[in-house]
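Novice: Okay, here's the prediction I keep looking at, along with the sequence it came from:
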Amino acid sequence: MPNRPAPAAETTALLRIQAVRKELADAEGRVADFICQNPRSVIRMAITELAARCETSEATVMRMCRKTGFRGFQDFKITLAQDLVSPVETIQQGLQEGDTPDIVIDKTFRSLVETLEHTRRLLQAETFETVTKLLREARQIDIYGSGNSAAVARDFHHKLRRLGLQATAYEDSHMQIISATALGPSDVAIGVSQSGNSQCVVDAIRIAKSQGAVTVALTSYGNSVLATECDHCLLSAPESDSFPVVGMRSRIAQLAIIAALHANLALGDMERFIPQLRSMEREIARTKL
């Protein structure tokens, strides 16, 4: 096929697809047709879900995106969302131009409560308890997160360290690989990714698993690459916004899961953890004097 110049930046995602549709291979064409028929649904899909719906592979989805002038699926989704979503929806679904501060507060808090309730229904007590025991007994716990998920990974690290557990959070991709390579059968590696498709996090988890470490996913998509690679998966509710710029809802849901793990860890071995918590609080209070 002759080289085609990338379409102009202002061209919409769907028009780009239509421009190259006849040049796509059969599987790529199925992806293109599905997107054109279900554009708003695609905005909310992970690449694994789209590939499954089109009975093809993630690599095929990526090829289709690149042939239409995008760097990858995430780049394509952002452009598609910008085509379809109003400026107000970009901020938060449900908001309307002219909403008063009281209404904005009510809608924002209501959406967060709904996300937490959804997450509670997704969270399985058996998996939750299994992960708690793994963390309690681990020699080393390494946590990987990038982008928005880096803040969640740091909070996880903070809560585990408060209990005296040996935990470290990594957001740099090179440090994630270095960390994962050093883990072993007595260790736990945790991958944090809302989409479950953060490549550097997935790579680190795969390495940690190959070294014998137990792996845990904290994600919103049970069929994502990260979830399928890990031994255990803690699910948070996915973003319901068409164009979730900051992933606020899923991040708060994941922070709630971490808070619950922290509490369950302490309750499960109070003789070990309560003295540590009290000693730490005394030292922190002393530094504030």
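Specialist: Ah, there it is. Bear in mind the structure is a predicted one, so any value in this text is a computation, not a measurement. Residues are numbered from 1 along each chain as shown.

Novice: For the chain, which segments count as strands?
Specialist: 141-145, 167-170, 188-192, 214-219, 232-235 (DSSP state E).

Novice: Among the ones you listed, single out whichever gets nearest to I274.
Specialist: strand 167-170 (18.4 Å; C-beta to C-beta). (Glycine included, C-beta is placed from N, CA and C.)

Novice: and that closest one, how far out from the chain's middle?
Specialist: Relative to its parent chain, strand 167-170 has a centroid offset of 17 Å by C-alpha atoms, centre = their mean, to the nearest Å.

Novice: so for it, what's the average pLDDT?
Specialist: Strand 167-170 carries an average pLDDT of 97.

Novice: before we move on, what about stretch 135-153?
Specialist: 95.

Novice: ok, now stretch 250-268?
Specialist: Averaging pLDDT along stretch 250-268 yields 93.

Novice: Of all the residues in it, which ones are buried?
Specialist: By 16 or more other C-beta atoms under 10 Å, the buried positions in stretch 250-268 come out as 250-258, 260-262, 264-266.

Novice: Likewise for stretch 58-66?
Specialist: By 16+ other C-beta under 10 Å, the buried positions in stretch 58-66 come out as 58, 60-65.

Novice: repeat for stretch 68-87
Specialist: 68-70, 73, 76-77, 79-81, 84-85.

Novice: just these now: which is nearest S198?
Specialist: F73 (12.7 Å).

Novice: Grab the nearest non-local neighbour of that closest one.
Specialist: Leaving aside its sequence neighbours, F73 sits nearest to I47 (C-beta to C-beta, 6 or more residues apart in numbering; 4.7 Å).

Novice: List the contacts of that neighbour.
Specialist: 58, 61-62, 73, 197 (C-beta atoms under 8 Å, 6 or more residues apart in numbering).

Novice: one more time with 10 Å, if that's ok
Specialist: 57-59, 61-62, 65, 72-74, 76-77, 195-197, 221, 224-225 (C-beta atoms under 10 Å, 6 or more residues apart in numbering).

Novice: same thing with A167?
Specialist: Taking C-beta under 10 Å, 6+ apart, we find A167 in contact with 135, 138, 140-143, 153, 156-161, 188, 190.

Novice: now do 8 Å
Specialist: Neighbours of A167 in contact, by C-beta under 8 Å, 6+ apart: 140-143, 156-157, 160-161.

Novice: Next: H157.
Specialist: By C-beta under 8 Å, 6+ apart, the contact set of H157 is 143, 167-169.

Novice: Dump those residues into a markdown table; add distance to R120 as well.
Specialist: A markdown table is the format used below for those (distance: C-beta to C-beta, whole Å):
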| residue | distance to R120 |
| --- | --- |
| I143 | 22 |
| A167 | 25 |
| T168 | 29 |
| A169 | 25 |
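
Novice: Burial check on D26, number of neighbours?
Specialist: When neighbours are defined as other C-beta atoms under 10 Å, D26 has 8 of them.

Novice: scratch that, S186
Specialist: 12.

Novice: what sits against it?
Specialist: The contact partners of S186, taken as C-beta under 8 Å, 6+ apart, are 138-140.

Novice: For the residues you listed, which entry has the maximal number of neighbours?
Specialist: Counting neighbours by other C-beta under 10 Å, A138 leads those with 20 neighbours.
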